[in-house]
Structure formats: structure tokens, C-alpha cells
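Asks: Give the three-dimensional model of this entry:
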Amino acid sequence: MKKNAPAFAYETVYGNLPKNRPGRYPGEIKEKIWKGIKVDYDLKYKWLNLLNGISQIEMRSSCAGHSKEWISFVIFRLKEDSNKKRLEKIKKELNSYSNSFCDYELGMENKFRIVMATDLWNGCEDQKKWESWWGLLAYRINKVTKK
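Replies: Numbering: from 1, shown residues only. This next block holds a predicted model:
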């Protein structure tokens with residue numbers, strides 16, 4: 001069963017699928033246009049540009065996070081085919097960071113997608129941790145996806 005991006009992120013952090021999770025946050029959110037696509041307003045252009053600049057990945061989805069039920073995440077694919085051994089290594093390394101949860105699964109087009117999520121969200125109690133997580137995200141993904 002294919003699951004949408006927010007459900008995949010939730011499952012990665014909490015270990016179970018949420019009930020009736022739509023693919024988009026159902027509440028009101030402020031958005032902006034970045035490179036022709038709508039993104040959450042609170043995602044800094046710098047963070048998005050750094051993620052988009054990682055040559056070995058293709059960004060698929062992102063969310064700034066809106067609550068404990070709607071956490072922050074990015075989903076990406078590796079540009080070149082990868083085996084499970086490499087995916088497991090990436091997963092292990094990305095899971096080693098604090099407030100970080102990583103997993104992978106077969107997604108659309110029968111290609112693996114990788115989620116990097118956190119149990120933090122925009123507006124959470126520790127906003128500095130949320131900002132730090134996003135600020136370091138591209139560096140961490142780039143580091144572990146280089147061959």
C-alpha cells in the first residue's frame with residue numbers, strides 16, 4: 001500500500017500510521033512560491049536552496065511541520081539507483097542525529113524514497129531546535145549521500 005508523504009513521515013517518527021491522513025495539512029497555512037512550487041512560508045529560502053543544491057538527490061516533498069501530529073520532514077530520492085545496503089547505511093547515519101528519524105521505502109515509479117523527519121515542528125516548544133534541525137539538514141543529507 002502506497003502512503004502519502006505526511007503519513008510516511010509520521011510513521012517514521014512514531015512507529016505507526018496515523019488514521020485518515022490526507023496528503024496535505026488540512027488547516028490554514030501560509031505558503032510562498034519557491035522555484036515555481038508552493039512551500040510552507042516558514043521554510044527559509046536558504047534551507048530549500050541548500051537541499052535543492054545536493055547533486056546526488058532529487059527532492060520530492062517537504063513540510064515545515066504544524067503540530068505534533070503534522071511534523072517536519074523532507075522526502076527525497078537518490079538520483080542514481082541504489083541497493084538496500086547503501087539505503088540502510090544512509091538510514092543508520094541520518095538516524096544518528098538528535099531529533100532525527102530516517103527510513104526508506106519503495107515509492108512511485110518503483111523508486112526508493114527516503115524520509116528525514118523530526119519530532120519537531122514550526123511553533124514547537126523549542127523553536128531553536130527546530131531551526132537548527134532545518135539549518136543542518138542539507139549538510140547532513142549531502143554528507144551521507146555522497147559516495
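Asks: Every contact and neighbour count from this point should use C-alpha atoms.
Replies: Fine.
Asks: Now stretch 116-135: average pLDDT?
Replies: In this model, stretch 116-135 has a mean pLDDT of 96.
Asks: and that stretch, which residues are buried?
Replies: Burial within stretch 116-135, assessed by neighbour count using 16 or more other C-alpha atoms under 10 Å, is assigned to 116-122, 124, 129-131, 133-135.
Asks: Pipe these into CSV and attach distance to Gly36 per row.
Replies: Putting the buried residues of stretch 116-135 into CSV (distance: C-alpha to C-alpha, whole Å) gives the following:
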residue, distance to Gly36
Met116, 23
Ala117, 24
Thr118, 26
Asp119, 28
Leu120, 27
Trp121, 24
Asn122, 23
Cys124, 28
Lys129, 29
Trp130, 25
Glu131, 24
Trp133, 25
Trp134, 21
Gly135, 22
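Asks: Would you check which pair of these lies furthest apart?
Replies: Met116 and Cys124 (17.9 Å; C-alpha to C-alpha).
Asks: dump the residue contacts of the residue positioned nearest the centre of the chain.
Replies: Nearest to the mean C-alpha position of the chain, counting by C-alpha atoms, centre = their mean, stands Val74 at 1.6 Å. Shown in contact with Val74 (C-alpha atoms under 8 Å, 6 or more residues apart in numbering): 59-63, 115-117.
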